[in-house]
Structures are given as C-alpha cells and as structure tokens.
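Chemist: coordinates only, sequence not included:
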C-alpha cells in the first residue's frame, strides 16, 4: 500500500501539469481543471492498491479526469458543443507545437494577477508543488501561499482569461515573471526543500524543457537564453552533487569528471546567444556568467573567485535580496578571505527574511572554520541542521558538526535547559505552551547546543529584533516575560536587560448586545463544541486562553466550576445543559478538541492531546476564526465579532 501511494505521489508530481493544462484548454477554468485532476488522483488512490498501477499511469489519470470533465459539461448542458472536441482529445496525441503546459504557464502569469500570485499559481499548477514547498521557496508562511493560490484561481475565473499564448505585443512584458517561475521550479528540483532526497530530477527536466520552449518562442530575448544557460550548466553538475548514499557533495569537493559536458556545451551555446543579442545584462545573464566561471575551471583552485565576486556585486545592484547578498558573501570570502565574507554574512543575521533560512548558518559555519573558530562553527552547523527540512541535508550538516572537535565543550546546553525549565511540575499546560514558543525560537536562532553559560542579553536582543521586532506590544512583552523567568530560573544575568517593556494600548472591546446574543443562543444548527465554548465564555467572564486550557478531569459538573491553572472558572445553567453532551463519557484530556487528529509533523504535547480520541486541543486561532465566521451576519459592520466580546457588560 505504501509503495502504491509513493508511486501515485511520484506520478502526480510528474504528470499533474500536463493533466491540468489539458483540462484547462477544455473547460476554460483553471480552478475547475485542478479540481477535476484532483478527483482523478483520488480515484487512483482508491483503485490502484487493488488493481495495480497501470502501464501508463499518466494516461490513466488523464482519461479519468477528462471523463469527469464530460460529466461536468453534461450537467451544465454544454455537451452538444463540447462532446466532439472531448472525444477527439481522448483519441488524438497532443500537438507538440501547441504546448498546453506553455499555455498554462502564461495563463498563470496573466497581468490580471499580482506578481506573487502568478508565481505561486504557476508553481502549484505547472510545477506540481505543495503550498508548503512554495512557501519555503519564497521564505514566507504557508497560509499566505494558500490564500494567494485560491485568490488567483478565482480572479482568472472572474476575468474569463482565455487559455491562449500572449500575442507579440504582450509577450515581452510577461516574460520576467515566467522566467522567475521557471527558475523557482528548477531550484525546487535541484535542491529540494523537504523530503528524503536532495534533488527531484523530474522538476529540473521540466524547467529545462519549459526554458528551451521559451527560447524558441522568444529567440531575441537575452534573459531567456541567460536562464537556459544557467539551468543547463547547473544541471550538468547533478551527478556529482550527491555521494554514494545520497549525501550532498559541496561544489569545491565535486568530481568534475562527472559533470555532464553535453549540458555544459549547451549552456555555453545559450550564453553566447545571449551575448550576441546584447544589451545591459539582466539578472539571469549575470547568474549564467557566474555559472560559466565555475564550469570553465578544471579544478577548484582554478576558479576565478574575484570575477565571481564582481559579478555578484553587479547582481546585488539589480536584485538586492538577502539571498543574493548571502551568495555574494561566499564569493567574497573565497576571493578576499574569510574575514571579509563573514562580515557580509553577519550583516544579514538580523534580516527577518533569513530567520529560518538554513543556508545562512551553513555559510557562517564554513567561514568560521576557515578562521579557526571551531566552537562557533559547530554551533552554526547544528543550527543549520535544525532549520532544514531536507533529510539528506540535515544528515550532512549534522555530520559536519560532529566532525568538529571542541576541547572542553561540556556543560548544560540551551536546549537541555529549555527542556528542564518546561518540565517543571508547577507550570500548567497553557504556560508551558506560551513559554515553549519563546524558547523554541531562541533555540532555532542560537542553536540547541549553545552552552547555557555563554547565553547573553545581547544575543537575546538580536533574536527579539529579528523575530518580534514588528510584533504587537502584548506579544513582545509576553516573550520578554518568558526570557526573564527563564534567566532567573537558570541563575543567569538578566537576559532581558536589553529588552525594554513596550506600552500596551489595546482598546477595550465592545461587548455583544443582548439582541445579538439571543440570536446566537437560538442557533441550534451550530456545532455543540462551539455553542458550549461561547456560552461558557459569556457566563464565566473568564479569558479565552483559560477556558480553552480546561481539561475534562478538572470539571466539577455538580458545582458548575473547573480548575484552570491557579484560578477557578464557573458557569451557569446555559453551559450546564451543554457540557454533559460535549464530554460524552470522556474522563480526561482537553475539554475542547480540534476537528481532526494531528499529523505526525504537528503532534502536540501530551498535555494537549486527548488519550481517548487522539485529537488535540482546539487552538485559540481556530476558535476565533469560527466565531468570527458565525457572527458576520449579526455584526452590523459585517466583520464578525471576537471571542473577547462575549464577556458580559460590567
């Protein structure tokens, strides 16, 4: 069963773009096309474990999806107009000169969408990447990517964007975002952000194919040929990038005899074409020039690092992004010494964009080793290992850290101290959760293995500036309070000495009026969990956090009260009528449970997990969202209310 599911996943990654593209041409709605393709995927998951994987799984998925499209068109009374076309599509091979995937790429990059939405949607539909993988590529959070994709599909449907290639007048203006998307697809294949393997060759090949097609479509665009040259030369190193066990091999340690000379020659040819076109070099031509410098060096010591540093300086003027600056730091360190490179890398440590970017501590570790600062280098490699989500990279970084011997390195580490601090008996579940958020961020930013005795207020202040510099005053003060408590417990100097307390000016929330409350209580169609939570918040006047932290074993149903940390939460008859049905025979665990069981990667602490159902505790964020959605119709402003507004009027 597991092998079949892996096969389905692999087939989906390779074939989803073709399937969605073909469906989009038929139904003229990219959102509907993806939905039909997903239906076919579900059919595969249901049928292949019993019937076996078909000889041509991509064709199987395509046929199922197109049959679903026929059914959809029949239901919408458009069968007569489309039936002949669909039958033809099922029987005829795709015309290579009218590439559906290329059409899908340009539709996904339509001017009706924002640049961010174009990139995210194309990666999702053409690259077959998950929202999580796209988020890692952009160094932003997953919910924002999910929202962008949904809004992009909705916009394309509302604007009735045709499934066509742009004409000559539009082509030049839309190439830049298309090039960006292709290179991001290539990078995800060349250096996978997650999973067991370092590379996903299928994505690299797909990006190369799209790049070559674009070069044919726009033969006089230097940047197109620059991108093709860059990808060809980078792809030439694929066989040398991993060792016998799949472990990463750094560029300077690669066996250059394993570099694919055919791809290198193709890259040089594309670069010559870009130079013949002329004009001011763009970002892809500059990056291709850097790749050419590496490819021309027969041995690592022959690399012209001064030229590469100069090219990165020019690239940084065009694209002053933190990642480009980090690559420039590597080149400067090789050309002019590790001190110069480390100075550039250190200037990026306060950039919030690179907060969880594992390559920053990885680069710093390399430079610190060359400077003989082995203890610091080991910490950086360990921190990089904790940040990467790729299994092969994590093992490689941990091995590098383990190879560094630090004399006299002993004592309690930051991670050990954090575990001991959170394991105290006098902390309730909600406090542990709150403290844990702060200490996890410190461990990620400073390294699990940082000796506790070396932790300083200056280090803490830098972490706060990067992680919570723009946060609300209440959030800043909460994390500051945690650091003060942790420092006092560990008998360290005041770790919050450089952190001033911020003034909190939260306006008092208006309570919900009697008429709106009565309308809310009368809605028996709402889930029991939500109705009980809202009643309890209103009748007890307790804080939302305290109520969500309640456990079944702490309830006293007869006396209508429950212990929440060091205080009591009590209620009246409205809650008393609902609680027995909500508990439903459970004897322990969180009172308010999440909708479903958590995944392996998001397993909550034991205190937040129900041992009888396997579900976790309902989160504040989810509870707030559900209440806001349920009360939009009651709010005159149409925004919905917050849970804090359930407190009764004084």
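Modeler: Thanks, I have the structure now. No experiment lies behind these values; they were computed from the predicted model shown.

Chemist: going forward, measure contacts and count neighbours with C-alpha atoms only.
Modeler: Fine.

Chemist: surely residue 562 is within a strand?
Modeler: Yes - according to DSSP: H, G, I helix; E, B strand; the rest coil, residue 562 belongs to a strand.

Chemist: any chance you could map the helices in the stretch 151-300 of the chain?
Modeler: Using DSSP state H, counting those that start in this stretch, the helices found in the stretch 151-300 of the chain span residues 168-190, 201-217, 222-235, 261-277, 283-296.

Chemist: return the set of buried residues in the last one.
Modeler: By neighbour count, with 16 or more other Cα atoms under 10 Å as the criterion, the buried positions of helix 283-296 are 283-295.

Chemist: closest one to residue 404 out of these, please.
Modeler: Set against residue 404, the nearest of the buried residues of helix 283-296 by Cα to Cα is residue 294 (28.3 Å).

Chemist: just checking, residue 516 touches residue 633?
Modeler: No - in this structure residue 516 lies outside contact range of residue 633 using Cα atoms under 8 Å: 9.6 Å.

Chemist: can you pull the contacts of residue 259?
Modeler: Shown in contact with residue 259 (Cα atoms under 8 Å, 6 or more residues apart in numbering): 236-240.

Chemist: kindly report the same for residue 264.
Modeler: Residue 264 is in contact with 232-233, 236, 295, counting by Cα under 8 Å, 6+ apart.

Chemist: by neighbours, which of the residues you listed wins?
Modeler: residue 232 (28 neighbours; other Cα atoms under 10 Å).

Chemist: separation between that one and residue 644?
Modeler: Residue 232 is 57 Å from residue 644, where distance means Cα to Cα, to the nearest Å.

Chemist: same check on residue 40?
Modeler: Between residue 40 and residue 644 the distance is 44 Å, computed by Cα to Cα.

Chemist: so which of these two has more stuff around it?
Modeler: residue 40 (22 against 19).

Chemist: what helix or strand is the more buried one located in?
Modeler: Residue 40 is located in helix 30-51, with elements delineated by DSSP states H and E.

Chemist: the very next helix or strand once past that helix - contacts with which helices or strands?
Modeler: Downstream of helix 30-51, the next assigned helix or strand under DSSP H and E is helix 57-75. If you count contacts as 3 or more Cα pairs under 8 Å, 6 or more residues apart in numbering; DSSP states H and E, helix 57-75 packs onto helix 2-27, helix 30-51, helix 79-91.

Chemist: mean pLDDT and distance to residue 585 added to these, as a markdown table?
Modeler: Output for the helices and strands packed on helix 57-75, formatted as a markdown table (pLDDT from 0 to 100; distance: least, Cα to Cα, whole Å):
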| stretch | mean pLDDT | distance to residue 585 |
| --- | --- | --- |
| helix 2-27 | 81 | 36 |
| helix 30-51 | 85 | 35 |
| helix 79-91 | 50 | 53 |
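
Chemist: out of those helices, which is closest to residue 392?
Modeler: Residue 392 lies closest to helix 2-27 among the helices and strands packed on helix 57-75, at 18.4 Å (Cα to Cα).

Chemist: so for the closest one, what gets flagged as buried?
Modeler: Here helix 2-27 shows 4, 7-8, 11-27 as buried, counting by 16+ other Cα under 10 Å.

Chemist: what distance separates it from the centre of its chain?
Modeler: With Cα atoms, centre = their mean, to the nearest Å as the basis, helix 2-27 stands 21 Å off its chain's centre.

Chemist: now the angle from it to helix 57-75?
Modeler: 40 degrees (axes from the mean of the first three to the mean of the last three Cα atoms, to 10 degrees).

Chemist: helix 2-27 versus helix 30-51: what angle between them?
Modeler: With the same axes, to 10 degrees applied, the angle from helix 2-27 to helix 30-51 works out at 150 degrees.

Chemist: okay, the angle between helix 2-27 and helix 201-217?
Modeler: 20 degrees.

Chemist: what are the boundaries of the strands in this structure?
Modeler: Taking DSSP state E as the test, the strands found in the chain are 194-195, 389-390, 555-556, 561-564, 567-570.

Chemist: figure out which of those is closest to residue 254.
Modeler: Evaluated over the strands of the chain, closeness to residue 254 peaks at strand 389-390, with 20.0 Å, by Cα to Cα.

Chemist: what lines up beside that closest one in the sheet?
Modeler: Next to strand 389-390 in the sheet, as set by DSSP bridges, lie strand 194-195 (parallel).

Chemist: which stretches in the stretch 501-650 of the chain count as helices?
Modeler: Using DSSP H, counting those that start in this stretch, helices in the stretch 501-650 of the chain cover 514-521, 528-540, 544-548, 573-583, 620-630.

Chemist: okay if I get these as a markdown table plus distance to residue 459 and mean pLDDT?
Modeler: Compiled in a markdown table, the helices of the stretch 501-650 of the chain are given as follows (distance: least, Cα to Cα, whole Å; pLDDT from 0 to 100):
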| stretch | distance to residue 459 | mean pLDDT |
| --- | --- | --- |
| helix 514-521 | 49 | 89 |
| helix 528-540 | 40 | 93 |
| helix 544-548 | 30 | 92 |
| helix 573-583 | 46 | 92 |
| helix 620-630 | 30 | 91 |
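
Chemist: of all those, which one is nearest residue 483?
Modeler: Checking these against residue 483 by Cα to Cα gives helix 544-548 as the closest, at 20.5 Å.

Chemist: pull out the buried residues from that closest one.
Modeler: Of the residues in helix 544-548, 544, 546-548 count as buried by neighbour count, 16+ other Cα under 10 Å.

Chemist: helices or strands up against it?
Modeler: So helix 544-548, by 3+ Cα pairs under 8 Å, 6+ apart, packs with helix 528-540, helix 620-630.

Chemist: so which of the ones you listed is the most surrounded?
Modeler: Compared across the helices and strands packed on helix 544-548, helix 528-540 shows the largest average neighbour count, a mean of 21 (mean count of other Cα atoms under 10 Å).

Chemist: tell me the contacts of residue 416?
Modeler: Shown in contact with residue 416 (Cα under 8 Å, 6+ apart): residue 448.

Chemist: pLDDT below threshold where in this protein?
Modeler: Along the chain, segments meeting pLDDT under 70 span 1-2, 74-99, 136-139, 171-173, 192-199, 408-410, 506-509, 599-602, 649-650.

Chemist: on that earlier part again, nearest to residue 329, of the helices and strands packed on helix 544-548?
Modeler: With respect to residue 329, and counting by Cα to Cα, the nearest of the helices and strands packed on helix 544-548 is helix 620-630 at 39.7 Å.

Chemist: for residue 418, give me its contacts.
Modeler: Residues in contact with residue 418 (Cα under 8 Å, 6+ apart) are residue 439.

Chemist: can you do 10 Å?
Modeler: Residues in contact with residue 418 (Cα atoms under 10 Å, 6 or more residues apart in numbering) are 435-436, 438-440, 442-443, 448, 452, 486, 490.

Chemist: can you turn the buried part of these into a PyMOL selection?
Modeler: Buried members of those, defined by 16+ other Cα under 10 Å, are picked up in PyMOL with:
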select buried, resi 435+436+438+439+440+442+443+448+452+486
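
Chemist: reformat the contacts of residue 418 as JSON lines; add distance to residue 152.
Modeler: Converted to JSON lines, the contacts of residue 418 look like this (distance: Cα to Cα, whole Å):
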{"residue": "435", "distance to residue 152": "38"}
{"residue": "436", "distance to residue 152": "36"}
{"residue": "438", "distance to residue 152": "35"}
{"residue": "439", "distance to residue 152": "37"}
{"residue": "440", "distance to residue 152": "34"}
{"residue": "442", "distance to residue 152": "36"}
{"residue": "443", "distance to residue 152": "37"}
{"residue": "448", "distance to residue 152": "40"}
{"residue": "452", "distance to residue 152": "47"}
{"residue": "486", "distance to residue 152": "45"}
{"residue": "490", "distance to residue 152": "50"}
